[in-house]
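Engineer: everything below, folded, please.
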Amino acid sequence: MSKELANKIVNKMMAEDKFSQWLGIETVLVEQGHCILKMKVRDEMVNGFGIAHGGIAFSFADSALAFASNAYGRLSVALECSISFAVAVNVNDELTCEARELSLTNKTGTYHIEISNQKKEKVAFFKGTVYRTSKNWEV
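Structural biologist: As a prediction, the model looks like this:
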């Protein structure tokens, strides 16, 4: 039942998440505390240097954080996030993002998220902490 609940919650989130839709995010795997997402970098996502804007990778990882942490059924929101960029991301790169739970308490959850390109190069590392509210998702 927990995997079914996780998928229902993420489907509901995606239906209302216009930015994740604009990014072109596809869910590959959704479980409580864990998810894998994919997306392709488009022309309109580059900065003045001709490489993907850092906000694209950050937003991609932020969506993974939201999906993995909310999949338990409790509404969770970001408290603190940071990212390190390891490799430049280019137009047409196919990115995969995997969120893994590091710690879960009644009030917070901490997650490590890695973003890789189609060459299996790790392009970014994201760490996020969420606050777990007392509200439950209605699905």
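Engineer: note down every partner strand of the lengthiest strand in the chain and its orientation.
Structural biologist: Criterion DSSP state E: the longest strand present in the chain is strand 122-136. Under the criterion DSSP bridges, strand 122-136 sits next to strand 74-85 (antiparallel), strand 108-116 (antiparallel) in its sheet.
Engineer: buried sites along that strand?
Structural biologist: Neighbour-count burial for strand 122-136 flags Val123, Ala124, Phe125, Phe126, Lys127, Gly128, Thr129, Val130, Arg132 (criterion: 16 or more other CB atoms under 10 Å). The way it works is simple: take the backbone N, C-alpha and C, and place the C-beta from them, glycine included.
Engineer: so for it, mean pLDDT?
Structural biologist: Per-residue pLDDT values over strand 122-136 give a mean of 98.
Engineer: how far away from the center of its chain is it?
Structural biologist: Put simply, strand 122-136 sits 8 Å off its chain's centre (CA atoms, centre = their mean, to the nearest Å).
Engineer: go on, stretch 20-29?
Structural biologist: Computed by CA atoms, centre = their mean, the chain-centroid distance of stretch 20-29 equals 9 Å.
Engineer: do the same with stretch 33-41
Structural biologist: With CA atoms, centre = their mean as the basis, stretch 33-41 stands 6 Å off its chain's centre.
Engineer: run through who's touching that stretch.
Structural biologist: Residues outside stretch 33-41 that contact it (CB atoms under 8 Å, 6 or more residues apart in numbering) are 10, 23-29, 52, 56, 60, 63-64, 67-69, 71-72, 89-101, 104, 109, 111.
Engineer: filter those residues down to the ones in helices?
Structural biologist: Judged by DSSP state H, the subset of those located in helices is Val10, Leu23, Ile56, Phe60, Ser63, Ala64, Phe67, Ala68, Ser69.
Engineer: circling back to that earlier point, tell me the buried residues within the contacts of stretch 33-41.
Structural biologist: In those, burial by neighbour count holds for 10, 23, 25, 27, 52, 56, 60, 63-64, 67-69, 71-72, 89, 93, 95-99, 101, 104, 109, 111, counting by 16+ other CB under 10 Å.
Engineer: helices and strands of this structure: which one has the lowest mean pLDDT?
Structural biologist: For the chain, counting by mean pLDDT, DSSP states H and E, helix 2-16 ranks last in confidence among helices and strands (a mean of 94).
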